[in-house]
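**Student:** Next comes the sequence, and after it the predicted model I'd like to discuss.
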Amino acid sequence: MVLLQQVQKEFRQVEAGRSQASMDKVLWKGGKREGLIERTLVFIKPEAVIRGLMGGIISRIERRGLTIAAMKLLQPTRVQAENIYEVHKGKSFYESLVEHIASGPILAMIVEGPNVVSFVRNMIGSTDPLEARPGTIRGDFALDVQKNIIHASDSLENAGKEIPIFFKPDEILDYRKR
Ligand code: RTP
Ligand code: MG
């Protein structure tokens, strides 16, 4: 009983500490905390949607065992594109990157699972397709550093900032894969 209270207290602390990001939740099983589930923002970039690569990329995410908690096909506004790539403001590639991302359809997703940020970053491969290993999404589908097929948040903190750019809380579904 004392242990349960301790765990519940810890749960509330974790929830409070992370609520600003609304990206984590605690998985419970039989009254015990099983672990933190992390969420990340992924989007398939316009060049990949236009090339018909959506299905193949979604399939890789599903096959890996990760959960897709939300998904939306949209053309980002300039402001959404600027917000996603805000950290790069001032860099030489920023303007053309923002222009490119806002130029066509993207498929935005919230992907969920333990250590999901690291898993997805490993699956997408290096930023420059020249350095991306075969077997990674960029290593298999991309040639161009700007048109490198897919975006994924690079930290939980950034996932927490990026998710609300495309999704409202009531658009995120809560279910477990079997
Ligand atoms: P992303 O944010 O799209 O997931 O990509 P990333 O973390 O692997 O790379 P990042 O450094 O965050 O760069 C964001 C995007 O900017 C474009 N880029 N162009 N030298 C260049 O021309 C250059 N460097 C980066 C890419 O589209 C990259 O994904
Ligand atoms: Mg990045």
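**Tutor:** The structure has been received and is ready for your questions. Ligands and ions are numbered 1, 2, ... in the order given.

**Student:** Helices of the chain, start to end?
**Tutor:** 2-18, 46-50, 54-64, 78-84, 94-101, 116-124, 137-141, 156-166 (DSSP state H).

**Student:** could these go into CSV alongside distance to Leu130 and mean neighbour count?
**Tutor:** From N, CA and C alone the C-beta is placed, and that goes for glycine too. Supplementary listing: the helices of the chain in CSV, determined by distance: least, C-beta to C-beta, whole Å; neighbours: other C-beta atoms under 10 Å:
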stretch, distance to Leu130, mean neighbour count
helix 2-18, 37, 11
helix 46-50, 16, 19
helix 54-64, 20, 15
helix 78-84, 23, 17
helix 94-101, 18, 16
helix 116-124, 15, 20
helix 137-141, 10, 20
helix 156-166, 24, 20
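
**Student:** any weak-confidence spans in this structure?
**Tutor:** Applying pLDDT under 70 to the predicted model, the residue ranges of the chain that meet it are 1-35.

**Student:** OK, contacts around the most centrally placed residue in the chain?
**Tutor:** Geometric centre of the chain, nearest residue: Leu41, 2.1 Å, by C-alpha atoms, centre = their mean. Residues counted as contacts of Leu41 (C-beta atoms under 8 Å, 6 or more residues apart in numbering) are Ala108, Met109, Ile110, Val111, His151, Ala152, Ser153, Ala159, Glu162, Ile163, Ile165, Phe166.

**Student:** Distance to Gly135 added to those residues, as TSV?
**Tutor:** Below are the contacts of Leu41 laid out as TSV (distance: C-beta to C-beta, whole Å):
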residue	distance to Gly135
Ala108	24
Met109	21
Ile110	24
Val111	18
His151	19
Ala152	16
Ser153	21
Ala159	24
Glu162	25
Ile163	27
Ile165	29
Phe166	28
